[in-house]
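1. Dropping the sequence and predicted coords here.
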Amino acid sequence: MLSDVMVSGLAVFGVETHLAYVATISGGRSEQLPPSQWPTGQYEPLFAFGEFDMVVRGITIVGVVALAVLARWSDAEHTDRLVFVLGLVTMVIVTPSPNIHVLNVLIPV
């Protein structure tokens, strides 16, 4: 079954496109474009941090986790909902996927 999908994909898209796809999946793309050259669906909120964007993502995630742990002992009325929303927003911003369509998750928030 998988080989049929691969053969039909090669027939439709060609070998060069297939190899580029495999290279992207296995190693990712290393080039970063400036915001003026981003495709319509690309979203990189931490572009300004350059090579330190992973550090900023890590600090943000650890901060949200710490707030969630501290919120367990809070007596505020809507703390659980606020922490849930903060987690949703944070995961969309710090996700490694630069796809703006991921922001659709925030619509219910």
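-> Structure's in. What do you need?
2. Show me what the top helix by length along the chain is packed up against.
-> Assignment by DSSP state H gives helix 53-71 as the longest helix of the chain. Where contact means 3 or more C-beta pairs under 8 Å, 6 or more residues apart in numbering; DSSP states H and E, helix 53-71 is packed against helix 79-94. In this view, the C-beta of every residue, glycine as well, is placed from N, C-alpha and C.
3. what pLDDT, on average, does the helix it packs on get?
-> Helix 79-94 carries an average pLDDT of 82.
4. Equivalent analysis for stretch 56-67, please.
-> For stretch 56-67, the mean per-residue pLDDT is 89.
5. Equivalent analysis for stretch 23-41, please.
-> The model assigns stretch 23-41 a mean pLDDT of 64.
6. which parts of the longest helix of the chain are buried?
-> 53, 57, 64, 67 (16 or more other C-beta atoms under 10 Å).
7. mind putting those in a markdown table, distance to Trp73 included?
-> Formatted as a markdown table, the buried residues of helix 53-71 follow (distance: C-beta to C-beta, whole Å):
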| residue | distance to Trp73 |
| --- | --- |
| Asp53 | 32 |
| Arg57 | 27 |
| Val64 | 16 |
| Leu67 | 12 |
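8. Closest one to Leu10 out of these, please.
-> Asp53 (35.1 Å; C-beta to C-beta).
9. my guess is that closest one meets Thr60, correct?
-> No: applying C-beta atoms under 8 Å as the test, Asp53 and Thr60 come out as separate, 10.4 Å apart.
10. Break the protein into its domains for me.
-> Domain assignment for the chain by automatic domain parsing gives 1-30, 34-106.
11. With respect to burial, which of the ones you listed scores highest?
-> Mean neighbours per residue, mean count of other C-beta atoms under 10 Å, is largest over these for domain 34-106, with a mean of 13.
12. what's in contact with stretch 13-22?
-> Stretch 13-22 is contacted from outside by 6, 9-10, using C-beta atoms under 8 Å, 6 or more residues apart in numbering.
13. Make CSV out of those residues and add distance to Ile93 and secondary structure.
-> Formatted as CSV, the contacts of stretch 13-22 follow (distance: C-beta to C-beta, whole Å; DSSP: H, G, I helix; E, B strand; the rest coil):
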residue, distance to Ile93, secondary structure
Met6, 35, helix
Gly9, 33, helix
Leu10, 37, helix
